[in-house]
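> below is the structure, and that's it, no one-letter string:
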């Protein structure tokens, strides 16, 4: 069974970087699909942030393009989100998910609060 | 970016009632190859979103057939024919025809 699990700090200070890990089991991330980050803000708004493909190419939401980086460690079957220069508006629950024709597998999500 | 407008924002229903959620797009979601990348997801309380419908009207794996999707162009509808208690949560439409993928603001389904 394919499972995704997010991990990382739950609290980040403004102007710092947010770094999250998505650990994937049951499927090798280099075998196929795009591996995505999505976030849900307080109040239900959802935003697709970007993905890293099975080949290692990346695609980002233009609204985040100057601040976001998605990388991976294929030896650990993990991919990562880094979001720089965070503000309180980046407070959200962050999800990693697999995209083929749709988001079929999601992690449970991790809540990140940006606060001093 | 494509804006998806979902209505209503909140829906109160009794068990067994049939309900519909509308999703209207700021531009056509039909691509040049004739595909329409419109999806519906349900996020139950405390859970991550799960796929209900893909490509407008195709039922996701394991999704009960009381869920159905329809529409074309800019107007889409999710129908639940006989709400059950497990259907409560927030419903989102999402489009992937035009980059970047965007979501509707969500429709919260509550028990009346």
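Structure received. Every value quoted in this text rests on a predicted model; they were computed, and no experiment measured them. Residues are numbered from 1 along each chain as shown, chains lettered A, B, ... in the order given.
> middle-most residue in chain A, spatially?
The residue lying closest to the centre of chain A (CA atoms, centre = their mean) is residue A:37, at 3.1 Å.
> how close does that one sit to chain B?
Applying CB to the nearest CB, to the nearest Å, the value for residue A:37 to chain B is 12 Å. Just so you know, the C-beta spots here come from the backbone N, C-alpha and C atoms, and that holds for glycine as well.
> which bits of chain B sit near chain A?
Contacts of chain B with chain A, taken as CB under 8 Å from any CB of the partner chain, map to B:1, B:39, B:41, B:43, B:47-51, B:54-55, B:60, B:90, B:92, B:94, B:96, B:99-103, B:105-106, B:108.
> the residue nearest to the centre of chain A reaches residue A:96, doesn't it?
Yes - the pair residue A:37 and residue A:96 qualifies as a contact (CB atoms under 8 Å) at a distance of 5.8 Å.
> what sits in contact with each of these two?
Common contacts of residue A:37 and residue A:96, defined by CB atoms under 8 Å, 6 or more residues apart in numbering or on different chains, comprise A:20, A:22, A:81.
> wait, a strand at the residue nearest to the centre of chain A?
Yes - membership of residue A:37 in a strand is supported by DSSP: H, G, I helix; E, B strand; the rest coil.
> element containing the residue nearest to it when sequence neighbours are not counted, please.
Closest residue to residue A:37 apart from its sequence neighbours, by CB to CB, 6 or more residues apart in numbering or on different chains: residue A:49 at 4.2 Å. Here residue A:49 sits within strand A:46-53, counting by DSSP states H and E.
> give me the sheet partners of that strand and which way each runs.
Within its sheet, strand A:46-53 is paired with strand A:34-40 (antiparallel), strand A:58-60 (antiparallel), according to DSSP bridges.
> what's the shortest one in contact with?
Contacts to strand A:58-60, defined as CB under 8 Å, 6+ apart, come from residues A:34, A:49, A:50, A:51, A:52, A:53, A:68, A:69, A:70, B:99.
> tell me, what residue is most central in chain B?
residue B:40 (3.3 Å).
> who's in contact with that one?
Here residue B:40 is in contact with B:23, B:51, B:52, B:53, B:67, B:69, B:78, B:91, B:92, B:93, B:94 (CB under 8 Å, 6+ apart).
> same deal with residue B:2?
B:25, B:26, B:27, B:29, B:95, B:97, B:98, B:102.
> leaving out the residues flanking it, which one is nearest to the second one?
Translated: residue B:26. Counting by CB to CB, 6+ apart, the residue nearest residue B:26 is residue B:3, at 4.1 Å.
> how close does the one you found sit to chain A?
Taken as CB to the nearest CB, the span from residue B:3 to chain A is 12 Å.
> what's the neighbour count on that residue?
By other CB atoms under 10 Å in any protein chain shown, 12 other residues sit near residue B:3.
> same question for residue A:17.
13.
> got it, and residue B:66?
Under the neighbour criterion other CB under 10 Å, residue B:66 is assigned a count of 13.
> now do the contacts for it.
With CB under 8 Å, 6+ apart, residue B:66 has these contacts: B:80, B:81, B:82, B:84.
> make sure the third one is actually in contact with residue B:17.
The reference is to residue B:82. Yes - judged on CB under 8 Å, residue B:82 makes contact with residue B:17 at a distance of 7.4 Å.
> where does pLDDT dip in chain B?
For chain B, applying pLDDT under 70 flags no range at all.
> all the strands of it, residue numbers only.
B:4-7, B:10-13, B:18-25, B:38-43, B:50-54, B:58-59, B:67-72, B:75-81, B:89-95, B:102-103, B:107-111 (DSSP state E).
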